[in-house]
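Chemist: when you get a sec, could you give me coordinates for this:
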Amino acid sequence: MRLFVALNLPKCERQRIHRAARALREQGLPVRWVDPKRYHLTLKFLGEVRGEHVERIAAILGRVAAESPAFSADLSGFGAFPSVRRPDVLWLGIEPTPALRCLKQGIEWALADAGFDRETRAFHPHLTMGRVEREDGAGAFRGLDELMAALSYTASVPVRSMELMRSQTFREGATHTVLSSFPFAAG
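Modeler: Model prediction:
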């Protein structure tokens, strides 16, 4: 099964983000928009994992969570990877606070001990809002930088747990299912 570790947002916050990004969706961009039910911050993509390994992964994540204090995630600013002029992904940014960076590093080290490769790319926390469907040339995204700069959305969201998630892809799109939730330490 295809697994990842994520921080999920409350439903009301996902709806606020969706409303704030309405102007992007109304531009007719060649983008496949993510359903707000699936907005999340991926902390670690695990890929295909055999079922018998899930319990061990859950135990590791439970230990990391128990050693990590609850914190707030600061969300703001829309952007794109690799660039606004030729995007593959449109996103909402999340401030890489020390608490979030420590959590990410703790997950990387703990899962490396279980045989998972550590991520070598820089950590750029974000919520994926949409993925570009096709290449329509450089003009397809003209003005996107100004549009994104004009959008206003900021929030500080309490983060009390992380989840082990399963991703399944169907013809109609992907579904994400929480397999386990791991509460952070109080504080």
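
Chemist: so the spatially most central residue of the chain, which of the three states?
Modeler: The centroid of the chain falls nearest to L41 when counting by C-alpha atoms, centre = their mean (2.3 Å). Classification of L41 by DSSP: H, G, I helix; E, B strand; the rest coil places it in strand.

Chemist: need the contact list for the nearest residue to it once chain neighbours are set aside.
Modeler: Nearest residue to L41, sequence neighbours excluded (C-beta to C-beta, 6 or more residues apart in numbering): L7, at 4.4 Å. (C-beta placed from N, C-alpha, C; glycine too.) Each residue near L7 by C-beta atoms under 8 Å, 6 or more residues apart in numbering is listed here: H40, L41, L43, A73, V159, M162, E163.

Chemist: top of the residues you listed by neighbour count?
Modeler: M162 (25 neighbours; other C-beta atoms under 10 Å).

Chemist: how far away is that residue from K104?
Modeler: Plainly put, M162 is 10 Å away from K104 if you go by C-beta to C-beta, to the nearest Å.

Chemist: and if you look at E119?
Modeler: For E119, the distance to K104 - C-beta to C-beta - is 8 Å.

Chemist: mind naming the longest helix for the protein?
Modeler: Identified as the longest helix of the chain according to DSSP state H is helix 98-112.
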